[in-house]
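Colleague: Predicted model follows, preceded by the sequence.
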Amino acid sequence: MALSKPVPYEEVAVTSGLFPSKEAFWKDFVRRRPRLDQPTLRHWFLKNARFTMEEQRYDQQGRYTAKMRCAICSNNWSGFPVAPHSADNCPIPKDYQLRFIATNTPAVCLACFGRPEFHVSCRKHDEFCKRCRADGKGIRNHVPMARVCHLKRGEEEELFNELRVEHYERVRDISNKEPLAIQMENDKPMKPYFRRDFFGIPPLNVPLGTYGPVHYKQNSYFQGIIPVYKDVDRDLVDHMLRDYQKAKTDQLAEQKAEEEDKLDLVRKVESVSLIEGSSAETGKLYEKEESGSKITFSVQKWNELIRHVDSLWITDTKEVEELRIRFSDAKPVMPCGTFDGFYTPRDLTYDFTKDQLEKVVKEMMFEDKPKETLDKILALQMLLTGQSEQKKYIGAEGFFGWLGTGEQDYFELLRDFTIMLTRVSNPPYARLQSVDKKEFPFHEHSKRGITIPSANCYISYKLDTRKEIFKLWLHNVAQTMPK
């Protein structure tokens, strides 16, 4: 099967917190459905997962006219959209399709394959299975691809309810062993309802709590995980995605314009080898032997950097006062979060000695280990918090700005924070900003723990002020960490 075009909206869908990453969803999805934990299916999902559903089209008689709404999976796996395809090309294994139809949504019509919870009007209520009629099984209101022709009349709902019970019990049991990371469609039965005549097979109707509570990790709800039949909710998410995409596009355009205005200056800076300089605040941090092949440690430049970091504890200056006036209520230009938001914060005391921290920073500054600034960023995130963002996202072209100026700024922010930890008696633990935060929580810092900004959070603030905004944050953090 030909793979679909590149996925639109993926970056803003994940960074805004509307969706989990495709990898994180798949991992939690197959916990519920181990039968689908196959390399080929994983590959198909990661290539074909989408963040919007295809537009629904109807003719004058109200009949659905899009030929690519799969009757097996409805182009939606437990709330996550996938690329439009036909039932003949659905990757769900044939021997699992009936179970998937029964459990992917609370209800399903085996004639029109609608999935509303209460199906009170069916456009195919007067159409019947030609195969069953030809085999002498009488008039039955389903189609052959429903996979129920082998059942006796009236057994469909009984079998579907058995499959649903098995599914609900499995979800409950695995969540008891380890809480699930993502709330998905049909994890548990819907609330009890008054039974009436519905088309298709209605939801399992049992008292609340019949199959026990389902346990989830913190930040497990994602607004974009929506079943196919909730059109209004889906339209709302699609609208939000368009707004976030526009904000992201506008921000990148603004960054590009501002950076191009400074292109001559930037080219001059870039013409100087990285080993010959760093930030204006700290002066040149690298020195080179005559051979030009080795970066050597500079005591002078290291001491300058230490003095720079120590100055963050000094707040009674005109500069800091101006920062407080200008940026105490700073807002991002678009929602921010982390790309890989599924982790448990490292709730423990900092487990690196000051000497070890200094060694890591000195290797980065004076030995260029690792060589790429992006790799330094990921290494410091992991060192500080035990988590890091995904390289394929924050390493994308233009992520930090078209000329890459933001990458060095964000690295220096993490570097300065790391050195701060070497200057205090009892360093707190650090956690990377979680995906549910649409703004950076500037006040989440104490003697016990500190939330540090993700790279996506950093670039979500205005280009020409974000360095000052987070310098103010460092000043504020210093006040909670006595030396």
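Modeller: Cool, got the structure.
Colleague: for stretch 379-392, how far is the first residue from the last?
Modeller: For stretch 379-392, the first-to-last residue distance is 15 Å (C-alpha to C-alpha, to the nearest Å).
Colleague: what about the helices in the stretch 51-200 of the chain?
Modeller: With helices called from DSSP state H, counting those that start in this stretch, the stretch 51-200 of the chain shows them at 97-103, 130-134, 155-177.
Colleague: From the opening residue of stretch 369-378 to its closing one, how far?
Modeller: 12 Å.
Colleague: Can you list the buried residues in that stretch?
Modeller: Of the residues in stretch 369-378, 373-374, 376-378 count as buried by neighbour count, 16 or more other C-beta atoms under 10 Å. Yep, even glycine has a C-beta here, placed from its N, CA and C like the rest.
Colleague: Please identify the most buried of the helices of the stretch 51-200 of the chain.
Modeller: helix 97-103 (a mean of 22; mean count of other C-beta atoms under 10 Å).
Colleague: For that one, report the contacting residues that lie outside it.
Modeller: Applying C-beta atoms under 8 Å, 6 or more residues apart in numbering, the set of residues contacting helix 97-103 from outside is 33, 35, 72-73, 90, 92, 108, 146-148, 159-160, 163-164, 167, 186, 201.
Colleague: repeat that for 7 Å
Modeller: Helix 97-103 is contacted by residues 72-73, 92, 108, 147, 160, 163-164, 167, 186 when judged by C-beta atoms under 7 Å, 6 or more residues apart in numbering.
Colleague: Compute the number of surrounding residues for residue 80.
Modeller: For residue 80, the count of nearby residues is 24 (other C-beta atoms under 10 Å).
Colleague: circling back to that earlier point, just the ones of the buried residues of stretch 369-378 in strands?
Modeller: Secondary structure of the buried residues of stretch 369-378 is defined by DSSP state E; no position falls in strands.
Colleague: could the residues you listed be laid out in a markdown table, adding distance to residue 46 and pLDDT?
Modeller: Formatted as a markdown table, these follow (distance: C-beta to C-beta, whole Å; pLDDT from 0 to 100):
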| residue | distance to residue 46 | pLDDT |
| --- | --- | --- |
| 373 | 28 | 90 |
| 374 | 22 | 90 |
| 376 | 28 | 92 |
| 377 | 25 | 91 |
| 378 | 21 | 89 |
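Colleague: Pick out the most distant pair among the residues you listed.
Modeller: The distance between the two most remote of these (C-beta to C-beta) is 10.0 Å, for 373 and 378.
Colleague: Leaving out sequence neighbours, find the closest residue to residue 225.
Modeller: Closest residue in space to residue 225, ignoring its immediate chain neighbours: residue 79 at 3.7 Å, by C-beta to C-beta, 6 or more residues apart in numbering.
Colleague: Share the number of residues neighbouring that neighbour, please.
Modeller: Neighbour number of residue 79 under other C-beta under 10 Å is 23.
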